[in-house]
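**Q** Mind looking at a prediction? Sequence and model below.
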Amino acid sequence: MEMDNFGDGENAHMLNGGVSESLNTERTTAEDGYDVEEPASQEQEGFLQHVTSQKTHFTDFEGKTSFGMSVFNLSNAIMGSGILGLAYAMSNTGIILFVILLICIALLSSYSIHLLLKCSGVVGIRAYEQLGMRAFGSVGKILAALIITIHNVGAMSSYLYIIKSELPLVIQTFMGLSTKTDDWYLQGNLLIIIVTIFIILPLALMKHLGYLGYTSGFSLSCMVFFLCAVIYKMTIIPCPLSNSTTTEHHLYTNGYNTTSTEEKCMAKMITVNTQTAYAIPIVAFAFVCHPEVLPIYTELRRATKSRMQNVANVSIFAMFIMYLMTAIFGYLTFYGDVESEMLHTYMTVDPLDKLMLTVRVAVLVAVTLTVPVVLFPIRRAIQQLICPGQDFRWWRHILIAACLLFVVNLLVIFIPNIKDIFGVIGATSAPSLIFILPSIFYIRIVPNDKEPLFSRPKIQAALFATLGFIFMIMSLSFIIVDWVTTGKSNVGGH
C-alpha cells in the first residue's frame, strides 16, 4: 500500500461564487507531496475583503473549527459502544492476532480517508453525496445518501438502546432498590424520550458541527475515565472469579467444560475458536467515521487535505491506543470469563460496585453526547437529496433533526429485538463506507490523464474495494450462520 501519495497536488475549484480560488490562495507543493494553501499577496488582500464575503466556500460558511476541536469531533465519531466488546474480541482471537487486526484496520481506515480527501480535492467537493453525484450521477448520490442515513440511524438507535437498557438500572442501583418498580423514572422508553428532548435535541440544533467539539471532548473524557477504571480493576479483581459461573462462550467438548482453572487465568497469544469469526467484524468496524469526515473537513479552519489528514491520523491513533488498552486490561481481568458487553461482567462480580456504577454513568453520558455528532451527516445527506444548493434555513435545519430523532425513538421503543437488523445494517453499510465507496469514487473521479486506470494507486483502490466486498460477504455469512445455529439450538431444547 503506497501511503506516501497522500494529498498529491490537485487544483481544487469552487462549485459556486464565481471567484477563482487562485485569487485568494496560491497553491504550493510541499516536499512530502501535500498540497498547501498559502495566503495571497498583500496587494490582493484589500481587493478580496469585499469579494470573499460574497462567495460560498463549499458551504454557507467559512470553516472556523480549530484543529483540536476537529480531532475531538472525529475521535468522538470513531468512538462507539463497540469499545465495550473489544475485550471479548481479544479473548476469542488472542492478544497477538487482535493487535495485528487492530493495526491493520487503523491503517486501512487512514488510507480510506486519504481516498476521500483526494477525491474531494480533485473536484472541490466536501459532501459525500456530491462525490457520489460526480462519480455515478444521481444513482451515486442517492446510494451514498442512503448508506450514510441507514448506517447512522442504526448507530443512533444503538446508542439510545444503551440508554434505554442501562439508565433504569443505574437509577435503580443509586436509589438502593433491589427490584425494579413501575415508577416513571425506571421506565426505559420514557427515559430515552426525556434524554432526547432535553439533551440530544438542543445539541443537534447547533448550526455547525464544530460547536460540538466541547461536548465531544467531554464525551471522550468519560471514556478515558472508563479506561482508567478498567486498568484499576485489573489490579484488584482476582482470577478466577470467586462467584463466576461457566459462561456461554467457554469452549465445550462432548458436552462438558474442558477449561481448567489454570487455563482460564492464562493469557492466550493466538486463539481460534467458534467465536473468532465474530470477533473479526467487531475489530474491522471499530474505526467507522467516514460519514463525519467530510463535514468535519468542511468546518476545519484553514482547511487543506494535509491538515484534515493529520486530524484523521491523530484521531485514529488516539482511538487505537484507547481500544488497545481497554481490550488488553479488560481481557487480563476476566480472561475467558469476559462477556460480550464488558460492563455486564463487572456488575456480575459486584452489582453494587460504586466505581463501576459511576463508570456506567460515564458511558451513558458518552453515548448520549455522541448522538448529535452522528446526526449531522444524516441531516446533510437528506438536504443533499431534497434541497441541494439551497441556502441555510433554520426551520429546515430544526425540522430534519426533530424528525430524525422521532423516527429513531420509535425504532428503539417499538422494535423489541432489533439487534439482527443492526447486524445486517452493520455488515452492509460499514464495509461500503470504509472500503467500497471511497475506492470506487477514487477510481471514477481522479482523471485518467493524472492517474491511468492501471496505475499503482488505482490498482490499490480496486483491491481495497475488493477487500470491502469480502468483509461484507463474510459478515453476512456469519450472521446467517448464527441465525441458523441459534434456531437449531432453540428447537433442540434449553
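**A** Good, I have the coordinates.

**Q** Which parts of the chain are strands?
**A** 25-29, 35-39, 252-253, 256-257 (DSSP state E).

**Q** start to end distance for stretch 283-293?
**A** With C-alpha to C-alpha, to the nearest Å as the measure, the first residue of stretch 283-293 is 20 Å from its last.

**Q** ok now it, how far from the chain's centre?
**A** The chain centre lies 4 Å from the centre of stretch 283-293; the measure is C-alpha atoms, centre = their mean, to the nearest Å.

**Q** buried residues in it?
**A** Of all the residues in stretch 283-293, those buried under the rule 16 or more other C-beta atoms under 10 Å are Val283, Ala284, Phe285, Ala286, Phe287, Val288, Cys289, His290, Pro291, Glu292, Val293. The way it works is simple: take the backbone N, C-alpha and C, and place the C-beta from them, glycine included.

**Q** Please tell me I have it right and Pro313 contacts Ser110.
**A** Residue 313: Asn, not Pro. Yes - Asn313 is in contact with Ser110 according to C-beta atoms under 8 Å; the separation is 5.9 Å.

**Q** what's near enough to touch Gln172?
**A** Residues near Gln172 by C-beta atoms under 8 Å, 6 or more residues apart in numbering: Lys180, Leu186.

**Q** So for it, what's the pLDDT?
**A** With respect to pLDDT, Gln172 has a value of 85.

**Q** ditto for the one 3 residues further on
**A** Per-residue confidence for Met175 comes out at a pLDDT of 81.

**Q** Which residues are in contact with it?
**A** With contact taken as C-beta under 8 Å, 6+ apart, Met175 is in contact with no other residue.

**Q** going forward, begin numbering at 671 instead of 1
**A** Sure, I'll start numbering at 671, so the last one becomes Met845.

**Q** count of neighbours near Phe1076?
**A** Phe1076 has 13 neighbouring residues, counting by other C-beta atoms under 10 Å.

**Q** Now stretch 843-862: buried residues?
**A** Thr843, Leu856, Gln857, Gly858, Leu861, Ile862.

**Q** so how far is that stretch off the chain centroid?
**A** Distance of stretch 843-862 from its chain centroid, counting by C-alpha atoms, centre = their mean, is 30 Å.

**Q** picking up where we left off before, Val1154: which of the buried residues of stretch 843-862 is nearest?
**A** Distance ranking of these against Val1154, using C-beta to C-beta, places Gly858 first at 30.7 Å.

**Q** give me every residue that touches Ala1100.
**A** Contacts of Ala1100 were listed using C-beta under 8 Å, 6+ apart, and they are His821, Ala954, Phe955, Val958.

**Q** Ok, Pro1047 next?
**A** For Pro1047, the set of contacting residues under the criterion of C-beta under 8 Å, 6+ apart consists of Tyr798, Ile818, Asn822, Pro961, Glu962, Pro965.

**Q** same thing with Ile966?
**A** Contact analysis of Ile966 by C-beta under 8 Å, 6+ apart lists Thr735, Ser740, Asn743, Leu744, Ala747, Leu879, Met978, Val981.

**Q** rerun at 10 Å
**A** If you count contacts by C-beta atoms under 10 Å, 6 or more residues apart in numbering, Ile966 has them with 733, 735, 739-744, 747, 796, 879-880, 883, 959, 973, 978, 981-982, 985, 1043, 1046-1047.

**Q** All the helices of the stretch 671-820 of the chain, residue numbers only.
**A** 712-722, 737-748, 756-761, 765-793, 798-806, 808-844 (DSSP state H, counting those that start in this stretch).

**Q** Cys1057 contacts Leu1069, correct?
**A** No - Cys1057 sits out of contact with Leu1069 when judged by C-beta atoms under 10 Å, with a separation of 11.5 Å.

**Q** quick one: low-confidence parts of the stretch 821-970 of the chain?
**A** Counting by pLDDT under 70, the stretch 821-970 of the chain contains low-confidence residues at 880, 910-933, 944, 947-948.
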